[in-house]
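Peer 1: okay, predicted coordinates and the sequence, questions at the end:
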Amino acid sequence: MAEPIKTLVVTGYRSYEMGVFKEDDPKITVIKNVLKQRLKDYLEEGLEWLLIGGNLGVEIWAAQAAFELREEYPEFRVGVIFPFLEYGNQWKENNQALLQKLKTQADFVEATSHKPYENPAQLRNHTRFLLEHSGGVLMVYDEEFPGKTQYFLKDAQRFGERFPYQIDKITMDDLQNASLEG
């Protein structure tokens, strides 16, 4: 049996890739409920840390789900690792407020580059850091809708060829089935 994952990265679609533009969109409730259930499964197996990169969409919703799970799992920790300094500063005001709230609730906040965005190497280094500091990734991802998450998936697959690394996907079918059940 594989070692339990102590640190898990969660990533997936950006909100705009899923057609979500308001905080009260019912899709968010479905996604957060599915994420919460999957995170609970990991917690029961020994998960201690959730890592996200701070992207709007799945990553923020996963952190929000994790904060809700703290009532039941008070030792559960959330780390936000940005790819560069001043990440999110160019976002709309309401999204910046969402990011600020996330920072105050997280147990650890840091950036892999201590400079503002300069080049794509910062993004590659960020992905490498997340892979090297976690035992697996839970991603909301469907092969039929690649989106930006496909790049993390490809890197995780390459990383998994050299090191034990678990890739767990929540597909559109999983979300659809959850919405029908709920």
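Peer 2: Arrived safely. Numbers count the residues shown, from 1 in each chain.
Peer 1: this structure: strands as residue ranges?
Peer 2: All strands of the chain, identified by DSSP state E, fall at 7-12, 49-52, 77-82, 108-111, 136-140, 166-170.
Peer 1: what comes into contact with the third one?
Peer 2: Residues outside strand 77-82 that contact it (Cβ atoms under 8 Å, 6 or more residues apart in numbering) are 48-54, 63, 66-67, 88, 102-103, 105-112, 126, 129-130. From N, CA and C alone the C-beta is placed, and that goes for glycine too.
Peer 1: so where's the longest helix in the chain?
Peer 2: The residue-count maximum for a helix in the chain (DSSP state H) belongs to helix 26-44.
Peer 1: now Ala178: how far from Glu86?
Peer 2: 36 Å (Cβ to Cβ, to the nearest Å).
Peer 1: Gln37: which of the strands of the chain is closest?
Peer 2: strand 166-170 (9.7 Å; Cβ to Cβ).
Peer 1: so who does Thr7 touch?
Peer 2: Counting by Cβ under 8 Å, 6+ apart, Thr7 has contacts Leu47, Glu48, Trp49, Leu50, Leu51, His133, Ser134, Gly135.
Peer 1: most neighbours, which of those?
Peer 2: Among those, the one with the most neighbours (other Cβ atoms under 10 Å) is Leu50, at 29 neighbours.
Peer 1: what's near enough to touch that one?
Peer 2: Thr7, Leu8, Val9, Val10, Leu39, Ala62, Ala63, Ala66, Phe76, Arg77, Val78, Gly79.
Peer 1: same thing but 10 Å
Peer 2: 7-10, 35, 39, 42-43, 59, 62-63, 65-67, 69, 76-80, 106-107, 134, 138 (Cβ atoms under 10 Å, 6 or more residues apart in numbering).
Peer 1: which of the contacts of strand 77-82 are buried?
Peer 2: 49-54, 63, 66-67, 88, 102, 106, 111-112, 126, 129-130 (16 or more other Cβ atoms under 10 Å).
Peer 1: need the contact list for Lys101.
Peer 2: Ile60, Ala63, Gln64, Phe67.
Peer 1: now do it against Ala63, distance only.
Peer 2: Lys101 sits at a distance of 10 Å from Ala63 (criterion: Cβ to Cβ).
Peer 1: one step back: which one of the contacts of Thr7 is nearest Leu153?
Peer 2: Distances from Leu153 to the contacts of Thr7, taken by Cβ to Cβ, are shortest for Ser134, at 14.1 Å.
Peer 1: hmm, Leu51 and that closest one touching each other?
Peer 2: Yes: judged on Cβ atoms under 10 Å, Ser134 makes contact with Leu51 at a distance of 5.8 Å.
Peer 1: got a list of contacts for the helix or strand of the chain with the lowest mean pLDDT?
Peer 2: The weakest-scoring helix or strand in the chain, judged by mean pLDDT, DSSP states H and E, is helix 172-181 (a mean of 90). Residues outside helix 172-181 that contact it (Cβ under 10 Å, 6+ apart): 13, 18, 26-27, 29-31, 33-34, 37-38, 140-145, 170-171.
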